[in-house]
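Visitor: Just need the structure, nothing else, for what follows:
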Amino acid sequence: MSIDRAVMIFAGLMIFISLALTYFVNPMWWLLTAFIGLNLIQSAFTRFCPAAIVFKKIGFRYGAAFN
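Guide: Just a heads-up that it's a prediction; the model follows:
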């Protein structure tokens, strides 16, 4: 699996987790959803993604977006 696909899967899972936390725990968890969205937008412009750095260190192969 490439870093690109791993980042997309991770972001999607984090959004679902934050939505579940918002519904079942506390409505303020929507801030996590907003943070994930902002991080995705900034990584599109700057090509800097903390999750991609972690996946690279774990050993995932490079993809087209994060190399």
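
Visitor: Could you report the pLDDT at the residue positioned nearest the centre of the chain?
Guide: Residue closest to the average C-alpha location in the chain (Cα atoms, centre = their mean): A11, at 3.1 Å. Listed pLDDT for A11 reads 95.

Visitor: List the residues that contact it.
Guide: By Cβ atoms under 8 Å, 6 or more residues apart in numbering, A11 lies in contact with I36, N39, L40, A51. C-betas here are computed from N, CA, C, even on glycine.

Visitor: distance between whichever strand or helix holds A20 and the chain's centre?
Guide: Element membership of A20, judged by DSSP states H and E, is helix 3-24. Averaging C-alpha positions (Cα atoms, centre = their mean, to the nearest Å) puts helix 3-24 7 Å from its chain's average.

Visitor: Now stretch 18-35: buried residues?
Guide: By neighbour count on 16 or more other Cβ atoms under 10 Å, the buried set for stretch 18-35 is S18, L21, T22, W29, L32, T33.

Visitor: do stretch 52-67 as well
Guide: So, applying 16+ other Cβ under 10 Å, buried residues of stretch 52-67: A52, F55, K56, F60, G63, A65, F66.

Visitor: Could you single out the nearest of those to A44?
Guide: The nearest member of the buried residues of stretch 52-67 to A44, counting by Cβ to Cβ, is A65 at 8.7 Å.

Visitor: still on that earlier bit, which among the contacts of A11 end up buried?
Guide: I36, N39, A51.
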